[in-house]
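In: sharing a model prediction with you, sequence too.
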Amino acid sequence: MNAITLDGLSKQFAGGAGLQPTSLSVPTGQVFGFLGQNGAGKTTTIRTLLGFLRPTAGQAQILGHDVWHNRAAVHARVGYLPGEVKLRPGHTAREVLTRAAALRRVSPQGALQTAERLGLDVSRRVGTLSKGNRQKVGLCAALLGDPEVLILDEPTDGLDPLAQATVLALLREARAQGRTVFLSSHVLSEVEHVADQVAILRGGRLVRQETLSTLRAGLPQRLSVRFARPRAATWARCRA
Ligand SMILES: Nc1ncnc2c1ncn2[C@@H]1O[C@H](COP(=O)(O)OP(=O)(O)OP(=O)(O)O)[C@@H](O)[C@H]1O
């Protein structure tokens, strides 16, 4: 069964940019990497998929619900990390997570443990946190209550390599528990460590969707370099 389905979903902004009609599906229990350069349309897709933007055409379903018509039912079962995490600056990270947990009617314990794994000091006021550490607060909030579907807009953006590795480990654990992850990123080398499938968006258009093994098989496995002159002579020139 598919956890997420886009059926001809599109979003046209006044300037013409946005998302061209796009159809794709994400099977339950998979990590789906959604790749594209700056401005490719990843955030637009995610915000339309979640019903924050009204689609120009088409529809999206999450866990069998039409997103636009059943937003509350969908949002109750989805953990979402927005591209820009906005938090009340005067609250500590612990307060943010405890309040978010109360709103979701779940225990904050899991999120506080995740914060510890990510090396986040939850006693700090979020207004004093770095971008990466605010990102960690947003991620802990998205994971609250172990939602069935996680939709994460560039979750590792701005994180140090250790925290990035912890995030990827958290996503693998979510998959091992049968949960579904929709993960946007600029970087294939990061997504390939965790994704089962990837889609590539360019200029608001889906240009590829394939499994990681098919994508890898299509990438050059060997690079051959030809020197215009004998190698020893080339190195000698470089050293000179
Ligand atoms: N509210 C809006 N009104 C008009 N154009 C918009 C709006 N939001 C986004 N766009 C345009 O839609 C295109 C896709 O933007 P989007 O933010 O979805 O890209 P992205 O892939 O998430 O980029 P990034 O990796 O930089 O976050 C861009 O050309 C952007 O300028």
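Out: That came in fine, so what should we check first?

In: could you measure from residue 115 over to residue 163?
Out: 11 Å (CB to CB, to the nearest Å). Just so you know, the C-beta spots here come from the backbone N, C-alpha and C atoms, and that holds for glycine as well.

In: who's more crowded, these two?
Out: For residue 115 versus residue 163, neighbours defined as other CB atoms under 10 Å are more numerous around residue 115 (23 against 20).

In: coming back round to it: overlap in contacts, residue 115 and residue 163.
Out: Counting by CB atoms under 8 Å, 6 or more residues apart in numbering, the shared contacts of residue 115 and residue 163 are residue 136.

In: got the residues of the protein near the ligand?
Out: Contact residues (CB under 6 Å from any ligand atom) of the chain with the ligand: 13, 15, 17-18, 36, 38-44, 83, 186.

In: now for the residues you listed, which pair is the farthest apart?
Out: Greatest spatial distance in the residues of the chain next to the ligand: 15 and 186, 22.0 Å, computed using CB to CB.

In: more neighbours: those two, which one.
Out: residue 186 (15 against 6).

In: gap between the most centrally placed residue in the chain and residue 190?
Out: Residue closest to the average C-alpha location in the chain (CA atoms, centre = their mean): residue 183, at 2.6 Å. Note on residue 183: its distance to residue 190, by CB to CB, is 9 Å.

In: likewise for residue 174?
Out: 16 Å.

In: for residue 29, same thing?
Out: Computed as CB to CB, the residue 29 to residue 190 distance reads 21 Å.

In: and those two? which has more neighbours close in?
Out: A direct count of neighbours by other CB under 10 Å for residue 29 and residue 190 places residue 190 higher, at 20 against 17.

In: what's the helix or strand harbouring the more buried one packed up against?
Out: Using DSSP states H and E, residue 190 sits in helix 188-191. With contacts defined as 3 or more CB pairs under 8 Å, 6 or more residues apart in numbering; DSSP states H and E, the packing partners of helix 188-191 are strand 31-36.

In: can you tell me the SS state at the closest residue to residue 159 other than its chain neighbours?
Out: Nearest residue to residue 159, sequence neighbours excluded (CB to CB, 6 or more residues apart in numbering): residue 132, at 5.0 Å. Of the three states, residue 132 takes helix under DSSP: H, G, I helix; E, B strand; the rest coil.

In: residues near residue 132, how many?
Out: Using other CB under 10 Å, residue 132 is surrounded by 16 other residues.

In: so it sits against residue 161, correct?
Out: No: the pair residue 132 / residue 161 is not scored as a contact, 11.2 Å apart, by CB atoms under 8 Å.

In: show me the beta-bridge partners of the closest residue to residue 187 other than its chain neighbours.
Out: Closest residue in space to residue 187, ignoring its immediate chain neighbours: residue 35 at 7.7 Å, by CB to CB, 6+ apart. Beta-bridge partners recorded for residue 35 (DSSP bridges): residue 185, residue 200.

In: mind giving me the packing neighbours of the top helix by length along the chain?
Out: The longest helix of the chain (DSSP state H) is helix 161-176. Packing partners of helix 161-176 (3+ CB pairs under 8 Å, 6+ apart): strand 31-36, helix 109-117, helix 131-142, strand 149-153, strand 180-185.
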